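Novice: please find the sequence and the predicted model below.
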Amino acid sequence: MAKNLSGKGAQDFASMRQVLQPDVNFDIVERELLIGGKQAYFYDINGFVSDENVQKIIQFFLGVKAEQMPSDPELFLEGFTAFGDVKLEKEVEKLVTAVLSGLGALIIDGFDQGFVFDIRNYPSRGVQEPDKDRVLRGSRDGFSETIISNTALIRRRIRDPKLRLEIYQAGQASKTDIALIYMEGRVDEPLLAKIQNRIQNLKVDALTMNQESLAECLYTHKWYNPFPKFKYTERPDTAAACLLEGNLVILVDNSPAAMILPSSVFDIAEAPDDYYFPPITGTYLRLTRILTALVALFLIPIYLLLMQNTHWLPEWLDFIRPAENVNVPLIFQILILELAVDGLRLASVNTPSMLSTPLSIIAGIVMGDFSVQSGWFNSEIMLYMAFVTVANYTQTSYELGYAIKFLRLSLVILTSLFNVWGFAAGMALVLVAIVTNRTIAGTSYLYPLIPFRWREVKNRFFRPRLSHEIDGKKQNKNGAK
């Protein structure tokens, strides 16, 4: 049972002090005050609050005289708290959580309710453009790790009173703030109710990995299906556009990425540049991205299949045969290079910036030239793997890029083991993985291909004109009314 304030100053102060331990935790500040002749304590965390606002609040309260002091906390709230965002709270646990979240808490002797002031001033970085979601043209701002500034960036773009921003907390230890954002009247109501229920009933100790921890709690999908269920973006313009299309956006405090749901494979493959350029240019960029993804998936398996059946090659394709002796079987060359590429990627993340350029040059020379000269790899395999590696970066989603990689590896291994039948089995595996996949709303992952909607299919492959007409019966892109 939750413990409430009793209105007895000494007892309430002891309860707060017992939990917060200001004498042990150097960053928790406990200020003893005398307000209207009554003893009071103000609690906050150093580094989480605006010192200027704290000073103004305390100076104002110290000026309250005893004859002005009301006996009811609600009257005190109405008459003496001119600060913008302040509310009453009765439970000790909620007062403690408020302090640990960066708010200020005031407890006055004789009042059975405490006052919570929103004076947060979290340390945060700027809203510069995210490295992963860069665009050739368009907005240059991005989300940061502070949830309040992230919601402000969205509110700045959608000045509609139907924009809803709900706040939740999850994690028994972390009590992480979660913002659920949607447009009333456009969102899929059953999906909204489902997500609200799941967030409210989360039974976790902490969201240690922010949005990834939340995603795994919201949707316990089959681990062996590599296709992502959520679209992630660090761009407020992308999040705002998805909200206007009827999607849900979830922001998690301490994370600069927004989760967008429901998301089909076409949603995840979209990029902001598709819409920041005219329709013909946007269509070209979109088709290029789709074609590049297909080539990245099938190029290596088809090449391996042809090398295992060289009698299929017509004369005009004879040049794709390895020009030099194959000392290491092609399948092992491919698998080694797949692992080496990811190893180099991980190394680049952990390499100090001052060494990244010389080390990348050394790695390029060793992997590119010397490895071919030594006989470990054939130049044709090096060329195709280099193309596939670069092609993976055309996808804005890391998760979709790795899904393509895992399916490519499955195709390569099956083709190597069972030749034509293995390639056919790999193709069947790719189709099953994507066709049987479902969004978090339970709709097809391939919508609008399944179920087929010609108008939506056309809009997926050919960038439409940006409509400015108001349509009260608009259907969102995931099939929900």
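Specialist: Yep, it's here. Numbers count the residues shown, from 1 in each chain.
Novice: spell out the secondary structure type for the closest residue to G142 other than its chain neighbours.
Specialist: Excluding its sequence neighbours, the residue lying closest to G142 (C-beta to C-beta, 6 or more residues apart in numbering) is P130, at 4.0 Å. Every residue, glycine included, has its C-beta placed from N, CA and C. Put simply, P130 is coil when judged by DSSP: H, G, I helix; E, B strand; the rest coil.
Novice: ditto for R137
Specialist: R137 ends up coil, using three-state DSSP.
Novice: so what's it up against?
Specialist: Each residue near R137 by C-beta atoms under 8 Å, 6 or more residues apart in numbering is listed here: D273, Y276, F277.
Novice: quick one: the first one and G138 touch, right?
Specialist: Yes. The pair D273 and G138 passes the contact test of C-beta atoms under 8 Å, sitting 7.5 Å apart.
Novice: check the offset of the helix or strand harbouring A424 from the chain's centre.
Specialist: In this assignment (DSSP states H and E), A424 forms part of helix 398-435. Helix 398-435 sits 27 Å away from the centroid of its parent chain (C-alpha atoms, centre = their mean, to the nearest Å).
Novice: just checking, next helix/strand downstream of that helix?
Specialist: Next element after helix 398-435 (DSSP H and E): helix 454-461.
Novice: buried set for that next one?
Specialist: E456, R460 (16 or more other C-beta atoms under 10 Å).
Novice: residues in contact with that helix?
Specialist: F266, T283, R286, L287, I290, Y447, P448, L449, P464, K477.
Novice: ok, of the residues you listed, which one's closest to G401?
Specialist: I290 (13.6 Å; C-beta to C-beta).
Novice: which residues are in contact with that closest one?
Specialist: Contacts of I290 by C-beta under 8 Å, 6+ apart are A269, F461.
Novice: what about 10 Å?
Specialist: F266, A269, T394, R460, F461 (C-beta atoms under 10 Å, 6 or more residues apart in numbering).
Novice: wait, C242 sits on I260?
Specialist: Yes. Here C242 lies in contact with I260, judged by C-beta atoms under 10 Å, at a distance of 4.8 Å.
Novice: list the residues that contact both of these two?
Specialist: I181, K231, T233, L248, V249, D267.
Novice: what's the burial count for the fourth one?
Specialist: It refers to L248. 23 (other C-beta atoms under 10 Å).
Novice: how far away is it from I148?
Specialist: 19 Å (C-beta to C-beta, to the nearest Å).
Novice: cool, and S371?
Specialist: Counting by C-beta to C-beta, the gap from S371 to I148 is 51 Å.
Novice: sorry, back to before: in strands, which of the shared contacts of C242 and I260 appear?
Specialist: Counting by DSSP state E, these place I181, K231, T233, L248, V249 in strands.
Novice: number of residues surrounding the third one?
Specialist: The number of residues packed near T233 is 26, by other C-beta under 10 Å.
Novice: can you name the residues bridging to Q39?
Specialist: Taking DSSP bridges as the rule, Q39 bridges to L34.
Novice: count of neighbours near it?
Specialist: Residues near Q39, counting by other C-beta under 10 Å: 15.
Novice: hmm, it is touching M69, no?
Specialist: No. Using C-beta under 10 Å, Q39 makes no contact with M69, being 11.9 Å away.
Novice: now for those two: what residues contact both?
Specialist: Joint contacts of Q39 and M69 (C-beta under 10 Å, 6+ apart) are I108, G110.
Novice: how close does D51 sit to E32?
Specialist: 18 Å.
Novice: so between the two, which is more surrounded?
Specialist: D51 (12 against 9).
Novice: now do the same contact list for that one.
Specialist: By C-beta under 10 Å, 6+ apart, the contact list for D51 reads D44, I119, N121.
Novice: any stretches of the chain with poor pLDDT?
Specialist: 1-2, 82-84, 221-223, 354-368, 370, 466-481 (pLDDT under 70).
Novice: kindly report the domain assignment for the chain.
Specialist: As given by automatic domain parsing, the domain ranges for the chain are 9-117, 147-272, 275-395+397-435.
Novice: starting at the chain centroid, how far to the shortest one?
Specialist: Relative to the mean C-alpha coordinate of its chain, domain 9-117 is positioned 35 Å out (C-alpha atoms, centre = their mean).
Novice: ditto for the second one
Specialist: Using C-alpha atoms, centre = their mean, we find the averaged C-alpha position of domain 147-272 to lie 8 Å away from the chain's own average C-alpha position.
Novice: that one spans what distance, first to last residue?
Specialist: 22 Å (C-alpha to C-alpha, to the nearest Å).
Novice: ranges for the helices of the stretch 201-350 of the chain?
Specialist: If DSSP state H, counting those that start in this stretch is used as the criterion, the helices of the stretch 201-350 of the chain fall at 211-218, 236-244, 265-269, 273-276, 279-308, 330-350.
Novice: tell me the angle of the longest one relative to helix 398-435?
Specialist: Translated: helix 279-308. 70 degrees (axes from the mean of the first three to the mean of the last three C-alpha atoms, to 10 degrees).
Novice: buried ones in helix 279-308?
Specialist: 282-283, 285-286, 289, 292-293, 295-301, 303-305, 307-308.
Novice: try the last one
Specialist: Of the residues in helix 330-350, those with enough neighbours to count as buried (16+ other C-beta under 10 Å) are L330, I331, Q333, I334, I336, L337, E338, A340, V341, L344.
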